[in-house]
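Engineer: Show me the folded form of this:
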Amino acid sequence: MAFARSDARGAIVAPLSPGAFRLAAYDFAAPRLYVDAPLVLGQRHALDRAQANYLLNVLRLGPGADVLVFNGRDGEWRTQIQPEGRKSASLLVLEQTRPQTPPPDLAWLFAPLKHARLDYMAQKAVEMGAGSLRPVLTRRTQSGRVNLDRMRANVVEAAEQCGIIALPAVHEEAKLDAALDALEPERVLVFCDEDAPVADPLAALAAAPQGPLAVLIGPEGGFDPAERETLLARDRIVRLSLGPRILRADTAAVAALALVQAARGDWGRS
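Structural biologist: Model prediction:
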């Protein structure tokens with residue numbers, strides 16, 4: 001899937017690429033744009049220079065062309081381009097195409113990776129239905145401080161590409177103990193443990209306590225013994241094996257979220 005790149009402000013316009021998966025209930029014919037402004041019927045929204053350049057000069061959209069917009073608060077709206085010269089334009093808000101939905105109740109905790117792989121992992125987590133993203137610093141975490149603006153831009157980019165209108169929250173990084181303490185008491189922690197005996201992960205998830213879920217992915221070097229002991233001492237926890245192969249952390253994240261959505265998430269819902 002080809003993505004339009006963004007700057008730290010999240011100024012992205014991303015028409016769905018030809019090979020991307022399409023959901024029949026959504027209109028992906030028009031490009032989608034995130035705007036950080038209220039969306040109200042009849043309102044004109046002035047585009048910044050990067051957004052106007054992309055619509056007018058890259059996509060070559062003319063006056064009256066449809067653009068879907070969302071802000072994560074007011075649902076998705078159909079707008080029309082109103083050019084104001086070659087380098088500027090505004091969008092006229094015409095009708096709501098989808099009401100706002102809440103973000104999924106699935107927390108994703110992960111040890112940070114280096115830039116390109118962290119970008120990929122953040123985008124895929126959004127696509128796979130994560131409702132919040134929290135970097136977790138473990139004893140074997142190799143990456144330094146997380147660029148939260150960059151991560152938020154990747155969240156917006158994935159939402160634009162995939163028809164998502166509820167933007168996941170991006171939390172500041174926290175040490176493992178603090179991240180665990182921040183979880184609600186009723187939330188079940190899915191602990192993806194590279195040292196767990198290989199067993200059926202779907203059966204393990206099906207047998208887990210009921211309640212909202214959090215998924216924890218560790219660093220490339222895995223969790224150290226003291227961290228594993230702390231995790232396994234929790235009451236509401238599922239120790240999950242991701243199979244007999246060694247997976248990179250970004251691959252493990254996608255595999256774990258797929259298992260969670262298949263066993264306990266929205267993949268089985270109409």
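Engineer: When you work out contacts or count neighbours from here on, use the C-alpha atoms and nothing else.
Structural biologist: OK.
Engineer: Name the SS class of Thr251, please.
Structural biologist: Under DSSP: H, G, I helix; E, B strand; the rest coil, Thr251 falls in the helix class.
Engineer: Can you tell me the SS state at the spatially most central residue of the chain?
Structural biologist: Centroid check for the chain by C-alpha atoms, centre = their mean gives Val126 as the closest residue, at 1.8 Å. With three-state DSSP as the basis, Val126 sits in helix.
Engineer: so what's the residue nearest to Ser88 when sequence neighbours are not counted up against?
Structural biologist: What sits nearest to Ser88 in space, not counting adjacent residues and going by C-alpha to C-alpha, 6 or more residues apart in numbering, is Ala52, at 5.4 Å. Each residue near Ala52 by C-alpha atoms under 8 Å, 6 or more residues apart in numbering is listed here: 87-90.
Engineer: Skipping adjacent residues, who's closest to Val93 in space?
Structural biologist: Thr79 (4.4 Å).
Engineer: same check, this time on Val260
Structural biologist: Here the residue nearest Val260, using C-alpha to C-alpha, 6+ apart, is Leu205, at 7.2 Å.
Engineer: which ones are touching Leu94?
Structural biologist: 41-42, 77-80.
Engineer: out of those, which are inside strands?
Structural biologist: If you go by DSSP state E, the contacts of Leu94 have 77-80 in strands.
Engineer: Which of those residues ranks first by neighbour count?
Structural biologist: Thr79 (25 neighbours; other C-alpha atoms under 10 Å).
Engineer: Okay, it and Ala65: tell me how far apart.
Structural biologist: For Thr79, the distance to Ala65 (C-alpha to C-alpha, to the nearest Å) stands at 8 Å.
Engineer: same thing with Gln43?
Structural biologist: 16 Å.
Engineer: you'd agree Ala130 is up against Pro102?
Structural biologist: No - between Ala130 and Pro102 there is no contact under C-alpha atoms under 8 Å: 11.7 Å.
Engineer: In terms of neighbours, single out the busier of the two.
Structural biologist: Ala130 (25 against 13).
Engineer: Okay, strands next: where are they in the stretch 51-200 of the chain?
Structural biologist: 66-70, 76-83, 89-98, 106-110, 132-137, 169-170, 174-175, 188-192 (DSSP state E, counting those that start in this stretch).
Engineer: Turn those into JSON lines, including mean pLDDT and distance to Ala214.
Structural biologist: As requested, the strands of the stretch 51-200 of the chain are exported to JSON lines (pLDDT from 0 to 100; distance: least, C-alpha to C-alpha, whole Å):
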{"stretch": "strand 66-70", "mean pLDDT": "96", "distance to Ala214": "26"}
{"stretch": "strand 76-83", "mean pLDDT": "95", "distance to Ala214": "27"}
{"stretch": "strand 89-98", "mean pLDDT": "96", "distance to Ala214": "28"}
{"stretch": "strand 106-110", "mean pLDDT": "97", "distance to Ala214": "4"}
{"stretch": "strand 132-137", "mean pLDDT": "96", "distance to Ala214": "9"}
{"stretch": "strand 169-170", "mean pLDDT": "96", "distance to Ala214": "14"}
{"stretch": "strand 174-175", "mean pLDDT": "95", "distance to Ala214": "15"}
{"stretch": "strand 188-192", "mean pLDDT": "96", "distance to Ala214": "5"}
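Engineer: Throw those into CSV and include distance to Glu227, thanks.
Structural biologist: Below are the strands of the stretch 51-200 of the chain laid out as CSV (distance: least, C-alpha to C-alpha, whole Å):
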stretch, distance to Glu227
strand 66-70, 40
strand 76-83, 42
strand 89-98, 43
strand 106-110, 14
strand 132-137, 11
strand 169-170, 24
strand 174-175, 11
strand 188-192, 11
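Engineer: what ranges of the stretch 101-250 of the chain fall below the confidence cut-off?
Structural biologist: 144 (pLDDT under 70).
Engineer: Next, count neighbours for Tyr120.
Structural biologist: 16.
Engineer: how close does the residue with the largest distance to the centre of the chain sit to Gln161?
Structural biologist: What lies farthest from the middle of the chain is Gly85; by C-alpha atoms, centre = their mean that is 35.2 Å. Counting by C-alpha to C-alpha, the separation of Gly85 from Gln161 is 28 Å.
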